[in-house]
Structure formats: C-alpha cells, structure tokens
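S.K.: fold the stuff below for me.
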Amino acid sequence: MDHRVMRQSAPNPESDQKLLRDHDPEPVCVVNADGASRYVITCEHAGREIPSQLGDLGIDDDDRNRHIAWDIGAAETAGHLSRILDAPLVMQTFSRLVIDCNRPVNADDSIPEVSDGRAIPGNEGLSMEQRAVRESEIHRPYHASVESLLSARAHRHEEPVLISFHTFTRALEVDGVFRPWDMGLLYNRDDRLAGLFDRVLCEMDHDYKIAHNEPYSVCDESDYTLPVHGESRGIHNLLLEVRNDHVADGRGHRMWGEFLGAALKAVERKIGDVE
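M.R.: This is a model prediction of the structure:
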C-alpha cells in the first residue's frame with residue numbers, strides 16, 4: 001500500500017462539502033474479491049492516508065507512523081492471510097484519525113480530538129456538516145463494500161464467515177500499562193467462532209498467550225463491523241487482535257499469516273462439522 005505523505009502548514013476544513021479530490025486514493029481497497037473461501041476478511045485500520053484537503057490534521061510524521069493513526073502491520077499480515085485462505089480482503093485506505101471505520105459514527109472517538117494523549121488539531125471543533133462528509137465519503141463506502149462481498153457470498157454458496165483483523169500496541173502512552181497478550185479473540189454476543197478457535201489453538205503447537213476480549217471487548221456502542229455485518233446477519237464472526245510488535249516486519253507478517261491461516265482452515269472444518 002502506498003503511504004504518501006501530504007503535508008501542509010495547517011489542516012483545511014471541508015468547506016465546500018466535498019472532501020476527497022481526484023488525486024486522493026480511493027477510500028476502500030478490495031483484494032481477491034472472487035476468492036473461493038467462505039471467509040471475508042476486513043481491515044478497518046489498514047491505512048494511514050489523510051485526504052489532501054485536510055493537510056496533516058496538525059500531527060507530525062512520527063505520530064502518523066504510530067498506532068494512533070493505523071494498525072501497524074495489519075494490512076500486510078491480512079494480505080498474507082487472504083492469499084493463504086483464498087479469501088477476499090477489504091481494507092480502509094485512510095487513517096483512523098480521519099474517521100474510524102470500526103466505530104459507529106455517533107461514537108465519541110469516531111473522529112477523535114485526542115488519541116493516546118496526542119491532540120489532533122484537525123479534528124477539533126468540527127461542524128455536523130464536516131463530520132457528515134467524512135462519513136459519506138469514507139465510512140459509508142467502506143461498509144458498503146463489506147456488505148456487498150458478504151451478500152455475494154451468501155448467494156453463491158455457504159454462509160460467509162467474517163474475520164475483522166486488527167493489531168494493538170504493547171502499551172498506551174497515557175497509562176504505560178504493559179499488555180502481555182500476543183493475540184486477543186474479540187466478540188460481542190456471539191462467541192461461537194471464538195470457541196472453535198480456542199479448540200483449534202489447543203490442538204496446535206504454539207507458546208502464544210491468547211486471551212478473550214483483551215485488550216478490548218466488542219460492543220454496539222464502540223464497534224461497528226462485527227455488530228452490523230456479523231451479528232445482524234447471524235453469521236460466525238470474530239475480531240482478531242495481534243500485538244503489533246509481532247507483525248512489524250516482513251518476517252512477522254509471513255509468520256503470523258501462516259499461523260492464523262492454518263488455524264482458520266482448521267476452524268472452517270469444525271464449522272462444517274457442526275452445521
């Protein structure tokens with residue numbers, strides 16, 4: 001993914017009610033749309049682009065490279081996973097600081113003014129119209145792509161299985177508390193896929209520390225993809241969180257892609273056994 005740096009002296013408001021320009025990237029990247037797998041993989045925090053009209057949102061390059069702007073290693077690892085499973089992958093191109101595509105648009109941190117102690121000047125004091133244009137041009141097209149892929153698979157063959165892939169940082173700067181887990185299995189009301197994943201992991205040879213609903217949990221107020229696309233359809237769904245220092249380079253991308261790919265193939269077989 002091309003992460004261009006577009007710097008201006010100050011962020012520009014979406015004054016004319018159109019945010020994205022012709023030279024900006026598309027808000028959604030879909031890979032392997034016709035993949036044969038039942039799995040549909042989403043990556044809501046894959047990119048760190050900022051629309052050119054917003055300048056740099058008032059943050060520097062160091063912050064743009066940190067976890068506050070994107071999920072480090074998520075796009076590359078999800079790409080390996082997509083190839084291993086032959087599964088479609090939907091990735092958000094723009095930074096979560098522009099608008100977070102895994103948040104309901106009315107959530108307090110949908111367009112954060114502060115993230116892990118860092119002020120985001122370009123998000124301060126936005127009007128309802130400015131917020132709405134980010135929703136209509138970034139959040140809505142992303143989820144329309146997810147919905148389209150899930151619907152197409154539902155009509156083609158077996159019920160689709162939704163995997164939302166994310167990474168998390170070892171410790172937030174605001175509290176400095178170390179997060180000891182290597183991976184979290186996150187879910188809301190539907191724990192079926194997490195249970196099957198647990199069974200598979202018990203049969204695999206690994207030393208990873210894996211927890212349920214850590215370092216976050218999923219709920220309707222703070223999450224979008226699983227409640228809206230997974231639970232509303234009644235399909236198996238799970239959010240995978242891998243600690244980002246494990247996937248900070250090509251070796252980590254490949255290793256975790258292979259590990260998760262093997263696990264998810266075994267999970268898919270167990271889904272078939274219980275259906």
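
S.K.: residue ranges with poor pLDDT in the stretch 51-200 of the chain?
M.R.: The model of the stretch 51-200 of the chain has pLDDT under 70 over residues 157.

S.K.: just the helices in it please.
M.R.: Ranges of helices within the stretch 51-200 of the chain are 61-64, 74-85, 128-134, 140-156, 192-203, based on DSSP state H, counting those that start in this stretch.

S.K.: distance to residue 250 added to those helices, as TSV?
M.R.: No exception for glycine: its C-beta is placed from N, CA and C like everyone else's. Formatted as TSV, those follow (distance: least, CB to CB, whole Å):
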stretch	distance to residue 250
helix 61-64	21
helix 74-85	7
helix 128-134	32
helix 140-156	26
helix 192-203	24
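
S.K.: highest average neighbour count across those helices?
M.R.: Highest mean neighbour count among those (mean count of other CB atoms under 10 Å): helix 74-85, with a mean of 23.

S.K.: just checking, what packs against that helix?
M.R.: The contact analysis (3 or more CB pairs under 8 Å, 6 or more residues apart in numbering; DSSP states H and E) places helix 74-85 against strand 39-43, strand 89-92, strand 161-168, helix 250-274.

S.K.: just the pLDDT at the nearest residue to residue 129 once chain neighbours are set aside, thanks.
M.R.: Counting by CB to CB, 6 or more residues apart in numbering, the nearest residue to residue 129 once its immediate chain neighbours are dropped is residue 17, at 6.4 Å. At residue 17, the pLDDT value in this model is 77.

S.K.: hmm, back to that, for residue 129, find the nearest of the helices and strands packed on helix 74-85.
M.R.: strand 89-92 (22.2 Å; CB to CB).

S.K.: the closest one - contacts with which helices or strands?
M.R.: Using 3+ CB pairs under 8 Å, 6+ apart as the contact criterion, the elements in contact with strand 89-92 are strand 28-31, strand 39-43, helix 74-85, helix 140-156.

S.K.: pull that strand out as CSV, backbone CA atoms only.
M.R.: C-alpha atoms of strand 89-92 as CSV (Å, rounded to 0.1, in the frame of the first residue of the first chain):
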residue,chain,number,x,y,z
LEU,A,89,-10.0,-8.8,1.9
VAL,A,90,-11.5,-5.3,2.4
MET,A,91,-9.1,-2.6,3.7
GLN,A,92,-9.7,1.0,4.7
